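Peer 1: need a 3D model of the sequence below.
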Amino acid sequence: MAMTILVVDDEPAIVTLLTYNLKQANYQVISVDNGVDAVKEVQRGRVDFVIMDLMLPQLDGVEATKQIRKFNEQIPIIMLTAKSSEVDKILGLELGADDYLTKPFSPQELISRIKAILRRTNRVVDLKKIVPELPVTGVTIDFKRLTVQKNGQPVALTPNEFRLLKFLFQNSNQVLSRDQILEQVWGYEYGGQTRIVDMHISHLRDKLEDDPKHPRLIKTIRGFGYEFFTKEGH
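Peer 2: Predicted structure coming up:
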């Protein structure tokens, strides 16, 4: 059965364009023009993927995404924005959106992003039986239950933050470039937009480090990337 994608946009021309191209790619499409109806459609369980504009009537994309994440943490969401200046808002608010696109964009680019997200969300989790206690910070990661604790207290991570943490742990105690992280965690190259990595690293530090300004778990390797330490003495 074909996957159903919810398109949320109040511009009829955009909806028509996306609907046509998504159907050409063998996806089923449902469309609504406001955030309130978007939340209702996801609650009904009728959709598998959401493409949502940031600026919407009644309930904007920011608030709609927050409401969706309260009852569905797994459904993939791509956020659309008309201004590049809004990208930092999308990333900085930790909305839980899986990706974003700045208008104008090609339908082919959108479809490639959808496929990349589906590839990474369908990957087999190799670490399901591992519950590592990181000695430096008292952080426990349960890859089976997809939960994180710090000093025995639960830590709320967005889906992208958890995927990033998992990748860092899998490659702990070695230097990783920003490009490597982009490709492996987000599923494709962002064309040099490495700030998405830096911003998610900053979020993880705020949530996991004792002192985010002097991190002991996720260290910056100047001019290159990051290193994730799981051994004492670093």
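Peer 1: Thr140 contacts Gln149, correct?
Peer 2: Yes: the criterion here is C-beta atoms under 8 Å, and Thr140 meets it with Gln149 at 4.6 Å. Where you see a C-beta, it was placed from the backbone N, CA and C, and this is true even at glycine.
Peer 1: domain assignment for the chain?
Peer 2: 2-120, 131-226 (the TED database).
Peer 1: and those domains as CSV, adding mean pLDDT?
Peer 2: Converted to CSV, those look like this (pLDDT from 0 to 100):
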stretch, mean pLDDT
domain 2-120, 87
domain 131-226, 84
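Peer 1: a markdown table for those domains, including mean neighbour count?
Peer 2: Formatted as a markdown table, those follow (neighbours: other C-beta atoms under 10 Å):
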| stretch | mean neighbour count |
| --- | --- |
| domain 2-120 | 17 |
| domain 131-226 | 16 |
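Peer 1: helices of the chain, start to end?
Peer 2: According to DSSP state H, the chain carries its helices in the segments 12-24, 35-43, 61-71, 87-92, 107-121, 159-170, 178-186, 195-208.
Peer 1: Leu6 is nearest to which of those helices?
Peer 2: With C-beta to C-beta, the closest approach to Leu6 among those belongs to helix 35-43: 5.4 Å.
Peer 1: check the offset of the closest one from the chain's centre.
Peer 2: What separates the centre of helix 35-43 from the centre of its chain is 20 Å, taken as C-alpha atoms, centre = their mean, to the nearest Å.
Peer 1: helix 61-71 and that helix, what's the angle between them?
Peer 2: Orientation of helix 35-43 against helix 61-71 (axes from the mean of the first three to the mean of the last three C-alpha atoms, to 10 degrees) gives an angle of 30 degrees.
Peer 1: going forward, the N-terminal residue is numbered 58.
Peer 2: Sure thing, new numbering starts at 58, so read that last one as helix 92-100.
Peer 1: okay, helix 92-100 in PDB with CA atoms only?
Peer 2: Taking Å, rounded to 0.1, in the frame of the first residue of the first chain, the C-alpha atoms of helix 92-100 are listed here in PDB:
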ATOM      1  CA  GLY A  92      -2.400  23.900  11.300                       C
ATOM      2  CA  VAL A  93      -5.600  22.900  13.200                       C
ATOM      3  CA  ASP A  94      -6.700  20.500  10.500                       C
ATOM      4  CA  ALA A  95      -3.200  19.200  10.100                       C
ATOM      5  CA  VAL A  96      -3.100  18.100  13.800                       C
ATOM      6  CA  LYS A  97      -6.500  16.500  13.400                       C
ATOM      7  CA  GLU A  98      -5.400  14.500  10.300                       C
ATOM      8  CA  VAL A  99      -2.400  13.100  12.100                       C
ATOM      9  CA  GLN A 100      -4.500  12.300  15.200                       C
END
